[in-house]
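Colleague: Predicted coordinates and the sequence they were generated for:
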Amino acid sequence: MKKLLLLLLLPCWTFAQVKGTVVSGSDRQPVPFASVFINNSTVGTSTDEHGHFSISRLSAGKHELVVSVLGYEKYFTVITVPVEKPLNIILKEKSTHLDQVTVKAYDKDGWKTWGKLFTESFIGTSSNARRTVLKNAKDLRFRHNKQDNVLEVFALAPLQIQNKSLGYDLEYHLELFRIDFRHNTQVYAGYPFFKEQRSVSRSQHRNRETAYNASLLRFMRSLYHNTIQEDGYAVRKMIEV
């Protein structure tokens, strides 16, 4: 009696580990408790007391690595996984003199004057945004240039944001926030690091899917992969007459 052997081929994903050390540029001493994470992801860790870190389960390819800690300039680089050897990251200390000069220009009652505008511009006004809390608003500083009618917002520490609707705790390293009232333009930039909350409900998973389906990120991915019509988008060319 002949036997039939069935071979089942399953997709295989390769994951790798990235290790390294974070030191100070001035004395080459280890920098403990620095945040080390992959930009715009839930993958990250912190350095130990010896400045060592290890990030596991990174997929092969290019990733944006961010290192951030108070007192030092933010470090950003693109790594290609797998990495052949441990990373040696050198942080540059921030200039204390420059910080003192900048602080003098901050608005006295910045949050009271501009807090609502910042929250609506940065977090939004949607149903998900209404269940989102900025936990360290005290670390924000505002500066309004009356001559140019431009508002700038600075963060003395990473913004700690709790999104109860999507089940994320977000650590946002704000680099730039600027509103030009005269030209009606707004721009902000930074490095987000997402942390899963302890328990995520089914409704939070549904909210995540709904938010992603309506996001600019999904549209840009469809544009990149040339799947505009398959993903349900209708793109029309506008001709000015």
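Modeller: All right, it came through fine.
Colleague: which SSE is Glu84 in?
Modeller: Using DSSP states H and E, Glu84 falls within no helix or strand.
Colleague: pLDDT score assigned to it?
Modeller: With respect to pLDDT, Glu84 scores 89.
Colleague: How many residues are close by it?
Modeller: 5 (other Cβ atoms under 10 Å). C-beta: built from backbone N, CA, C; applies to glycine.
Colleague: and if you look at Thr47?
Modeller: 23.
Colleague: For it, give me its contacts.
Modeller: 21-22, 30-34, 36, 53 (Cβ atoms under 8 Å, 6 or more residues apart in numbering).
Colleague: okay, and for the chain, where does confidence drop off?
Modeller: Low-confidence segments of the chain (pLDDT under 70): 1-14, 96-104.
Colleague: So which residue is smack in the middle of it?
Modeller: Pro192 (1.2 Å; Cα atoms, centre = their mean).
Colleague: Show me what the one helix or strand it maps to is in contact with.
Modeller: With secondary structure defined by DSSP H and E, Pro192 is part of strand 185-196. With contact meaning Cβ under 8 Å, 6+ apart, strand 185-196 is reached by 35, 37, 39-42, 44, 66, 68, 74, 76, 121-122, 153, 167-180.
Colleague: which ones among these are found in helices?
Modeller: Here DSSP state H is the test, and those give 121-122 as lying in helices.
Colleague: Now the buried members of the contacts of strand 185-196.
Modeller: The neighbour-count test (16 or more other Cβ atoms under 10 Å) applied to these identifies 35, 37, 39, 44, 66, 68, 74, 121-122, 153, 167-174, 177, 179 as buried.
Colleague: among the residues you listed, which are in strands?
Modeller: Counting by DSSP state E, the part of the buried ones among the contacts of strand 185-196 found in strands is 35, 37, 44, 66, 68, 153, 168-174, 177, 179.
Colleague: ok, so of the residues you listed, who is nearest Leu140?
Modeller: Leu140 has its nearest neighbour among those in Val153, at 6.0 Å by Cβ to Cβ.
Colleague: so who does that closest one touch?
Modeller: 114, 118, 140-143, 174, 177-178, 188.
Colleague: could these be laid out in TSV, adding distance to Gln160?
Modeller: Converted to TSV, the contacts of Val153 look like this (distance: Cβ to Cβ, whole Å):
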residue	distance to Gln160
Trp114	19
Phe118	15
Leu140	12
Arg141	16
Phe142	18
Arg143	22
Leu174	11
Phe177	16
Arg178	22
Tyr188	17
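Colleague: Got a ChimeraX select line for the buried ones in these?
Modeller: Here is the ChimeraX selection string for the buried members of those, based on 16+ other Cβ under 10 Å:
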select :114,118,140,141,142,143,174,177
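Colleague: I figured Phe142 hits Leu151, correct?
Modeller: Yes. The criterion here is Cβ atoms under 8 Å, and Phe142 meets it with Leu151 at 6.8 Å.
Colleague: Quickly list what's touching both of these two.
Modeller: With Cβ under 8 Å, 6+ apart as the test, Phe142 and Leu151 both reach Trp114.
Colleague: ok, back up a step: tell me which two in the ones in strands among the buried ones among the contacts of strand 185-196 are the farthest apart.
Modeller: Top of the distance list for those (Cβ to Cβ): Gly44 and Ile179, 29.7 Å.
Colleague: Around Ile228, how many other residues sit close by?
Modeller: Ile228 - counted by other Cβ under 10 Å - has 13 other residues nearby.
Colleague: still on that earlier bit, so which of the ones in strands among the buried ones among the contacts of strand 185-196 comes closest to His205?
Modeller: Nearest member of those to His205, counting by Cβ to Cβ, is Tyr168, at 11.6 Å.
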